[in-house]
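Student: Quick one, what's the 3D model for this:
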Amino acid sequence: MLHRFAKLLAACTVLLILAGSLVTSHDAGLSVPDWPTSYGWNMFTFPPSMWVANIFYEHGHRLIASSVGFLTIVLAVWLWIAEPRRWLRWLGVVALGAVIAQGALGGLTVLFFLPAAISTAHAGLAEIFFCLTVAIALFTSPGWIEGGGGHAGPPLRRLATVTTALVFTQILIGATMRHTGAGLAIPDFPWMFGHVVPDHWDARIAVHFTHRVGALVVAFAIAASFAAARACGRRDLTRPATLMLLLVAVQVTLGALTVLSRRDPLINSLHVVCGALVLTTSLVLTLRTWRDRFAFGEVRLAASAEAPAAKKPDAMSPVRSGARAPSRSTRPRRAAAAHFPTTSRSRNRGSTASSSRRAPPAITSVRRRSIRRQWRRRCSASPVSPAAPRR
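Tutor: Sure thing, here's the model as predicted:
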């Protein structure tokens with residue numbers, strides 16, 4: 001049930017990203033100029049009759065964001081109550097903190113009239129929150145809990161991790177391009193002002209060119225990850241790798257159509273959503289390659305949790321059963337018997353330690369006398385004198 005709820009939250013986050021991209025694509029960020037109210041109304045009592053034109057996109061985005069925030073609170077509390085893995089409980093707390101920070105950045109975006117830096121940070125944090133929800137859904141899935149699948153190998157693990165980092169960097173560059181108005185800085189595709197490389201430059205052209213080059217780099221990295229996952233032969237790795245390859249093909253197509261359609265709002269918004277799906281699919285592949293390391297950490301945590309219980313005295317221990325514990329006066333004698341298991345003195349005492357242990361290598365007489373002198377000095381310095389040997 002927890003896994004299904006986490007998947008519901010991830011699906012609602014996709015809807016939230018789509019709503020936010022529609023706000024940017026329609027330039028509706030300031031259609032509701034106040035925050036956290038909407039034209040002086042409470043956000044949840046704002047009359048639907050006033051949801052007209054771009055107000056519909058902005059106010060709808062706020063309502064969906066509030067719903068996602070409420071679901072995140074429920075998920076964090078549910079994880080804290082029902083989840084035995086401590087690190088996963090804290091991951092739910094991190095997701096809650098991320099959605100709160102995301103709401104604050106959204107409000108600052110409105111109050112400061114859409115500054116590019118805050119808007120880009122708002123878009124980047126949205127992708128991080130989406131990754132957190134998908135990771136929680138993966139960690140609570142039966143396949144992850146049951147484990148299995150074998151070892152992925154360091155090469156695939158490193159390649160998948162680098163691919164995820166490249167996709168996230170590419171999304172940040174795309175967000176910068178959207179919020180600085182550089183989406184049509186290079187108006188043709190696949191050429192750039194009729195050339196392979198632009199023949200003139202400015203800041204917006206540089207951002208747009210970097211985004212296109214980054215798309216090529218990400219496409220090659222995803223293709224390499226797909227080939228490595230196929231070579232590994234694990235179905236739980238080949239499925240996200242195949243899906244990621246298909247999504248990146250759709251993503252490149254949508255990027256080209258965005259330029260050719262002069263930034264059509266629907267195509268532009270689908271381009272943003274598809275990029276988020278590429279990122280989370282790559283994240284799922286990466287986390288599954290690290291599954292054996294997660295399992296090792298969970299085993300160590302389980303062992304450390306069981307260690308205190310193992311140290312507790314059982315029912316047969318002298319303390320619990322009422323048996324007499326060895327007195328302080330007999331401890332030096334038994335320790336001495338363990339040091340000299342072959343001497344006649346220890347045999348006369350009937351030491352259990354000497355009879356149950358194998359005799360150590362022979363000790364020279366000089367060394368034996370030295371050890372005995374040291375032991376007598378310790379016994380004489382002790383506040384409790386050693387007891388007389390039993391006959």
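Student: so what's Val197 closest to, chain neighbours aside?
Tutor: Setting aside the residues directly before and after it, Val197 is nearest to Phe209 in space (Cβ to Cβ, 6 or more residues apart in numbering), at 7.7 Å. To be clear about C-beta, it is placed using only N, CA and C from the backbone, and glycine gets the same treatment.
Student: Assess the claim that that neighbour and Met177 are in contact.
Tutor: No. Using Cβ atoms under 8 Å, Phe209 is not in contact with Met177; the gap is 10.0 Å.
Student: so who does Cys232 touch?
Tutor: 152-153, 156, 238 (Cβ atoms under 8 Å, 6 or more residues apart in numbering).
Student: if you set the cut-off to 10 Å instead, what comes out?
Tutor: For Cys232, the contacting residues are 149-153, 155-156, 238, 241, 289, by Cβ atoms under 10 Å, 6 or more residues apart in numbering.
Student: okay, now the domains of the chain?
Tutor: Using automatic domain parsing, the domain parsing of the chain gives 1-146, 158-293, 330-351+364-391.
Student: Including mean pLDDT, could those go into CSV?
Tutor: CSV is the format used below for the domains of the chain (pLDDT from 0 to 100):
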stretch, mean pLDDT
domain 1-146, 95
domain 158-293, 94
domain 330-351+364-391, 54
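Student: Could you measure from Arg288 over to Trp35?
Tutor: Arg288 is 40 Å from Trp35, where distance means Cβ to Cβ, to the nearest Å.
Student: Tabulate the contacts of Cys232 (CSV), appending distance to Trp201, secondary structure and neighbour count.
Tutor: Formatted as CSV, those follow (distance: Cβ to Cβ, whole Å; DSSP: H, G, I helix; E, B strand; the rest coil; neighbours: other Cβ atoms under 10 Å):
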residue, distance to Trp201, secondary structure, neighbour count
Gly149, 48, coil, 18
Gly150, 50, coil, 12
His151, 48, coil, 13
Ala152, 42, coil, 23
Gly153, 43, coil, 14
Pro155, 38, helix, 12
Leu156, 38, helix, 24
Thr238, 42, helix, 16
Ala241, 37, helix, 26
Thr289, 39, helix, 28
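Student: wait, which of those is closest to Leu22?
Tutor: Ala241 (30.2 Å; Cβ to Cβ).
Student: ok, now which ones touch the spatially closest residue to that closest one that is not a sequence neighbour?
Tutor: Spatially, and ignoring its direct neighbours in sequence, Ala241 is nearest to Ala229 (3.7 Å; Cβ to Cβ, 6+ apart). Applying Cβ under 10 Å, 6+ apart, we find Ala229 in contact with 152, 156, 159-160, 235-242, 244-245, 285, 288-289.
Student: List only buried entries from the residues you listed.
Tutor: Buried subset of the contacts of Ala229 (neighbour count, 16 or more other Cβ atoms under 10 Å): 152, 156, 159-160, 236-238, 240-241, 244-245, 285, 288-289.
Student: Of the residues you listed, which pair is most distant in space?
Tutor: Ala152 and Leu245 (17.7 Å).
Student: Which strand or helix spans the residue nearest to Ala241?
Tutor: helix 203-232 (DSSP states H and E).
Student: cool, Arg263 as well?
Tutor: Using DSSP H and E, no helix or strand contains Arg263.
Student: how about the helix holding Ala229: buried residues?
Tutor: Applying 16+ other Cβ under 10 Å to helix 203-232 flags 204-205, 207-212, 214-215, 218-219, 221-222, 225-226, 228-229, 232 as buried.
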